[in-house]
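>>> The following comprises the amino acid sequence and a computationally predicted model.
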Amino acid sequence: MSDQRPPSRLEKLHIVEGFLRHQLGQVEKWIVEEQQRQAIQRPAPSPPAPDWLLEVGIGVGKQPVAVHVGGCHMAGKRVRGIPRDQAVRALTDGVAACTHCRPDTELGVLD
């Protein structure tokens with residue numbers, strides 16, 4: 001026969017507490033791993049659309065063809081965003097204003 005007494009209720013509760021602490025640590029580790037996984041999968045926010053677009057032609061010099069308001073549906077594929085002062089300068093230098101979005105009116109540059 002063994003002289004060992006069965007664990008007391010308090011000892012059993014301490015054993016359960018240790019087990020639960022271990023489980024909580026595991027869940028916290030899983031949470032950190034999931035947050036890292038989601039951060040990797042989350043696409044970077046896209047930059048805001050430019051207010052003004054400069055459309056350029058085809059070829060070596062790629063001369064400016066037209067100025068558009070940002071988001072103009074008539075802007076071609078060869079566009080780049082430009083700041084307001086560049087848009088004004090392009091229009092005053094003779095680059096055509098889009099006839100649909102009227103950047104010359106928006107910028108207050110009228111012939």
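Yep, it's here. Numbers count the residues shown, from 1 in each chain.
>>> So the spatially most central residue of the chain, which state does it fall into?
The centroid of the chain falls nearest to Pro45 when counting by Cα atoms, centre = their mean (0.3 Å). Secondary structure state of Pro45, per DSSP: H, G, I helix; E, B strand; the rest coil, is coil.
>>> Do a quick rundown of the helices in this protein.
In the chain, the segments counted as helices under DSSP state H are 9-41, 84-92, 103-107.
>>> okay, the ones you listed, which one's buried deepest?
helix 103-107 (a mean of 19; mean count of other Cβ atoms under 10 Å). Quick note: C-beta positions are derived from backbone N, CA and C, even for glycine.
>>> what does that one contact?
52, 67-69, 84, 87-88, 91, 97, 110-111 (Cβ atoms under 8 Å, 6 or more residues apart in numbering).
>>> pLDDT on stretch 37-49, on average?
Averaged across stretch 37-49, the pLDDT comes to 84.
>>> What's the end-to-end length of it?
Separation of the first and last residues of stretch 37-49 by Cα to Cα, to the nearest Å is 29 Å.
>>> before we move on, the earlier item: could you dump the helices of the chain to a markdown table with distance to Arg78?
Compiled in a markdown table, the helices of the chain are given as follows (distance: least, Cβ to Cβ, whole Å):
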| stretch | distance to Arg78 |
| --- | --- |
| helix 9-41 | 32 |
| helix 84-92 | 14 |
| helix 103-107 | 17 |
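>>> Of the ones you listed, which shows the lowest average pLDDT?
Among those, helix 103-107 scores lowest, with a mean of 91.
>>> returning to what we had before: Val56 is nearest to which of the helices of the chain?
Of all the helices of the chain, helix 84-92 sits nearest to Val56, with 10.6 Å by Cβ to Cβ.
>>> Kindly spell out which helices and strands sit in contact with that closest one.
The contact analysis (3 or more Cβ pairs under 8 Å, 6 or more residues apart in numbering; DSSP states H and E) places helix 84-92 against strand 52-56, strand 64-69, helix 103-107.
>>> would a markdown table of those with distance to Asp3 be doable?
Output for the helices and strands packed on helix 84-92, formatted as a markdown table (distance: least, Cβ to Cβ, whole Å):
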| stretch | distance to Asp3 |
| --- | --- |
| strand 52-56 | 89 |
| strand 64-69 | 91 |
| helix 103-107 | 94 |
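>>> With that, I have no additional questions.
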